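Visitor: give me the fold of what follows.
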Amino acid sequence: MKKQQWVSGILEVIVGLVIGLVVTGPGSMGAVTTAKAADDAVVSFNCWADKSNFEFVIPFSKLDLPLTYGELFDQAVVVSGFGKAGMLQENFKVANYVPTHIWEPVQGVQMLKPFMNDTSPAITDADVSNMLVDNQVLNVTQFDRDMKETPTYDANATAIKIDYNLPMREPNMALQLTYQMANGSNLPASVTDISDNPTSDTKTTATKTIKGFEGEVYQDTPHYLIPQISGYTANVNTVTFTQKGTDATKAKPVTITYTKNSVATPSELKPVKTLFKVYGKRGFYRYQHVNFKKAERLHHYVKKPRTYAPVFDVVGTATSKAGNPRYLLRDGSYITAKAAFVNKLYWQGEQTTLYVTSPRGTNLYQGLPLTNKVRHLKQGRSVQVVQMVRKGHLTRYQLADGTYITGNKQLVSPTKPEAVAKVKAKANINLYRDVNLQRRIKRIAKGQTVAVKGWDYAFGGITGMTSRKRYKVAGGYITASKALIKVMK
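Guide: Coordinates of the predicted model:
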């Protein structure tokens with residue numbers, strides 16, 4: 001059972017309770033439920049670790065296929081009600097970074113908490129500490145890449161089988177980190193507490209030994225290995241395992257030095273006269289400094305439909321050393337200012353017609369500011385505009401009756417959306433109560449026509465998840481995948 005010890009802690013606690021985890025012997029495929037009818041079909045999702053497998057049995061009716069491996073993990077957890085999207089992926093990463101000493105057990109618990117809900121099993125430091133590995137840990141880089149891939153399966157089978165081999169490997173290198181302050185002052189407890197000598201009387205330096213692989217680059221996005229110190233900046237935010245001399249088991253040591261931040265305003269920074277908002281058009285990163293470096297990435301934003309795109313408050317503009325335009329945000333971080341990636345949140349030009357695009361609709365108001373609501377407009381409605389009113393970068397549009405509507409691009413658009421009145425099922429599909437297609441109501445047979453009331457997007461409010469379009473119909477939502485439905489003229 002040693003090869004299965006890596007799941008004996010947190011993975012067994014959470015996954016076992018969440019979706020009926022079955023751990024079988026080497027080479028065994030585990031128990032597979034045979035469906036009695038199409039509505040009872042199941043997806044048997046086998047995750048293999050070496051010759052052992054962990055079987056997730058999920059009702060087919062609860063899934064929205066086709067989907068990626070990552071989405072398969074997510075829907076399994078969310079459907080069960082024991083966690084949030086991303087929880088299983090983080091479980092596997094915790095099972096990687098705690099045994100290699102890159103994260104402390106308490107940090108592993110911190111990483112998991114945002115992905116848990118009120119009904120998730122409680123996790124303690126001791127649970128995480130029990131994730132002892134028999135010289136095998138997850139290849140996180142390959143795992144992240146795999147989560148974006150789409151598995152192959154027979155969608156017509158009554159019992160759908162999907163296999164996934166967890167990319168496991170053995171750490172072959174040890175690396176020593178040394179922490180210090182540039183001015184020679186004592187290190188704060190946030191650093192010494194995670195070191196190998198937390199009780200040492202020497203507070204000006206601390207060391208920590210971690211395990212990894214030749215060529216591996218660990219990016220410390222959560223700042224667990226290289227803690228942030230208020231008023232100071234570390235010289236690195238990544239750690240690379242590079243062989244030291246002829247000893248293949250040891251990596252070149254890394255010294256992390258904290259330097260006090262300068263209070264002077266960067267010469268390239270130009271504060272804006274009026275704060276304005278921009279939204280993301282494509283996937284991109286937010287960075288710590290104006291000259292973008294991979295080691296200084298703070299957060300990644302996936303591409304979202306405009307209705308749910310991330311919005312940022314811009315307080316300044318800047319230019320990198322390479323001449324690239326940047327936006328300075330309210331929190332002091334930076335994003336690109338290239339038009340291909342971001343755009344102003346409010347329509348700026350004169351318009352004649354505006355269409356309501358938000359799934360929740362928008363309101364008409366009497367006078368400015370927009371506080372005195374007159375009536376609500378549903379998605380798909382159009383209004384005729386007589387003039388634009390601008391206040392800085394914020395715009396409102398006045399109608400002929402004297403009422404006003406917002407110029408927010410996430411709510412309205414001058415481009416008429418595609419008119420979809422009804423669709424026909426090209427295969428058997430499901431009607432769901434929610435837009436994420438997780439609470440199934442009934443099956444809609446192939447060839448059946450359904451009237452469409454509007455549209456929305458799954459997982460709209462989750463910045464790390466791709467959103468898929470859904471059609472709103474009587475009683476709930478259905479898929480908008482062109483592989484499964486046909487728009488009727």
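
Visitor: give the contact list for Phe213.
Guide: 169, 171-173, 241 (CB atoms under 8 Å, 6 or more residues apart in numbering). All C-beta atoms are positioned from the backbone trio N, CA, C, and that covers glycine.

Visitor: those residues into TSV, with extra columns for pLDDT and secondary structure?
Guide: Output for these, formatted as TSV (pLDDT from 0 to 100; DSSP: H, G, I helix; E, B strand; the rest coil):
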residue	pLDDT	secondary structure
Arg169	82	strand
Pro171	88	coil
Asn172	87	coil
Met173	91	strand
Phe241	93	coil
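
Visitor: which among those residues end up buried?
Guide: The neighbour-count test (16 or more other CB atoms under 10 Å) marks 171-173, 241 as buried among the contacts of Phe213.

Visitor: can you put those residues in CSV and add distance to Ala419?
Guide: Compiled in CSV, the buried ones among the contacts of Phe213 are given as follows (distance: CB to CB, whole Å):
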residue, distance to Ala419
Pro171, 57
Asn172, 60
Met173, 60
Phe241, 56
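
Visitor: give me the secondary structure label for the closest residue to His299 other than its chain neighbours.
Guide: Ranked by CB to CB, 6 or more residues apart in numbering and with sequence neighbours excluded, the top spatial neighbour of His299 is Arg286, at 4.7 Å. For Arg286, the secondary-structure state derived from DSSP: H, G, I helix; E, B strand; the rest coil is strand.

Visitor: how close does Arg286 sit to Tyr334?
Guide: Arg286 sits at a distance of 7 Å from Tyr334 (criterion: CB to CB, to the nearest Å).

Visitor: for Glu214, pull up the helix or strand it's in.
Guide: Assigned by DSSP states H and E, Glu214 belongs to neither a helix nor a strand.

Visitor: Lys161 contacts Tyr153, correct?
Guide: Yes. At 6.9 Å, Lys161 counts as touching Tyr153 under the criterion of CB atoms under 8 Å.

Visitor: give me the common contacts of those two.
Guide: Common neighbours of Lys161 and Tyr153 (criterion: CB under 8 Å, 6+ apart): Val43.

Visitor: ok so, going back, going by distance to Ile444, which of the buried ones among the contacts of Phe213 wins?
Guide: For Ile444, the closest of the buried ones among the contacts of Phe213 turns out to be Pro171, at 50.2 Å, with distances computed as CB to CB.

Visitor: mind listing what that closest one touches?
Guide: Taking CB under 8 Å, 6+ apart as the definition of contact, the neighbours of Pro171 are 100, 135, 137, 211-213.

Visitor: and Leu370, by the same measure?
Guide: For Leu370, the set of contacting residues under the criterion of CB under 8 Å, 6+ apart consists of 363, 396, 404, 406.

Visitor: what's the answer for Gln348, then?
Guide: If a contact means CB under 8 Å, 6+ apart, then Gln348 has 390, 393, 395, 407 as its contacts.

Visitor: do that again at 10 Å, thanks
Guide: With contact taken as CB atoms under 10 Å, 6 or more residues apart in numbering, Gln348 is in contact with 388, 390, 393-395, 407.

Visitor: okay, those residues in JSON lines with pLDDT, neighbour count and secondary structure next?
Guide: As requested, these are arranged in JSON lines below (pLDDT from 0 to 100; neighbours: other CB atoms under 10 Å; DSSP: H, G, I helix; E, B strand; the rest coil):
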{"residue": "Met388", "pLDDT": "95", "neighbour count": "15", "secondary structure": "strand"}
{"residue": "Arg390", "pLDDT": "90", "neighbour count": "11", "secondary structure": "strand"}
{"residue": "His393", "pLDDT": "85", "neighbour count": "17", "secondary structure": "coil"}
{"residue": "Leu394", "pLDDT": "90", "neighbour count": "19", "secondary structure": "strand"}
{"residue": "Thr395", "pLDDT": "95", "neighbour count": "20", "secondary structure": "strand"}
{"residue": "Gly407", "pLDDT": "96", "neighbour count": "25", "secondary structure": "coil"}
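
Visitor: could you dump the residues you listed into JSON lines and include distance to Gly245?
Guide: Shown next, in JSON lines, are the contacts of Gln348 (distance: CB to CB, whole Å):
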{"residue": "Met388", "distance to Gly245": "68"}
{"residue": "Arg390", "distance to Gly245": "65"}
{"residue": "His393", "distance to Gly245": "57"}
{"residue": "Leu394", "distance to Gly245": "61"}
{"residue": "Thr395", "distance to Gly245": "63"}
{"residue": "Gly407", "distance to Gly245": "63"}
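
Visitor: helix/strand/coil for Asp456?
Guide: Per three-state DSSP, the secondary structure class of Asp456 is strand.

Visitor: what is the neighbour count of it?
Guide: Burial measure for Asp456: 22 neighbouring residues, criterion other CB atoms under 10 Å.

Visitor: what comes up buried for stretch 394-406?
Guide: Judged by neighbour count using 16+ other CB under 10 Å, the buried positions of stretch 394-406 are 394-399, 403-406.

Visitor: mind checking the end-to-end distance for that stretch?
Guide: Using CA to CA, to the nearest Å, the span of stretch 394-406 from its first residue to its last is 9 Å.

Visitor: now do the contacts for Asp163.
Guide: Residues counted as contacts of Asp163 (CB under 10 Å, 6+ apart) are 29, 44-48, 53, 151-153.

Visitor: what's the mean pLDDT across stretch 442-453?
Guide: The predicted model gives stretch 442-453 an average pLDDT of 95.

Visitor: buried ones in it, by neighbour count?
Guide: Along stretch 442-453, these residues count as buried under the neighbour rule (16+ other CB under 10 Å): 443-444, 450, 452.

Visitor: which residues does Met173 bridge with?
Guide: On the basis of DSSP bridges, Met173 takes part in beta bridges with Gly212.

Visitor: give the contact list for it.
Guide: With contact taken as CB under 10 Å, 6+ apart, Met173 is in contact with 210-216, 241-244, 247-252.

Visitor: just the buried residues out of those, in ChimeraX syntax.
Guide: This is the ChimeraX syntax for the buried subset of the contacts of Met173, where burial follows 16+ other CB under 10 Å:
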select :210,211,212,213,216,241,244,251
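
Visitor: tell me the pLDDT of Gly392.
Guide: Gly392 carries a pLDDT value of 81.

Visitor: surely it and Val314 touch.
Guide: No. Between Gly392 and Val314 there is no contact, the gap being 11.5 Å when judged by CB atoms under 10 Å.

Visitor: for the helix or strand Asp127 falls within, name the packing helices and strands.
Guide: The secondary structure element spanning Asp127 is helix 125-129 (assigned by DSSP H and E). In this structure, helix 125-129 packs against helix 10-19, helix 87-97, helix 105-112, with contacts taken as 3 or more CB pairs under 10 Å, 6 or more residues apart in numbering; DSSP states H and E.

Visitor: mind telling me which of these the model trusts least?
Guide: Between the helices and strands packed on helix 125-129, the one with the least mean pLDDT is helix 10-19; it has a mean of 39.

Visitor: quick one, what contacts the residue nearest to His299?
Guide: The neighbourhood of Arg286, defined by CB under 10 Å, 6+ apart, consists of 280, 292, 296-301, 310, 312, 327, 329, 331, 333-336.

Visitor: show me just the buried residues among those.
Guide: With neighbours counted using 16+ other CB under 10 Å, the contacts of Arg286 contain these buried positions: 280, 292, 296-297, 301, 310, 312, 327, 329, 333-336.

Visitor: please consider this matter closed, and thank you.
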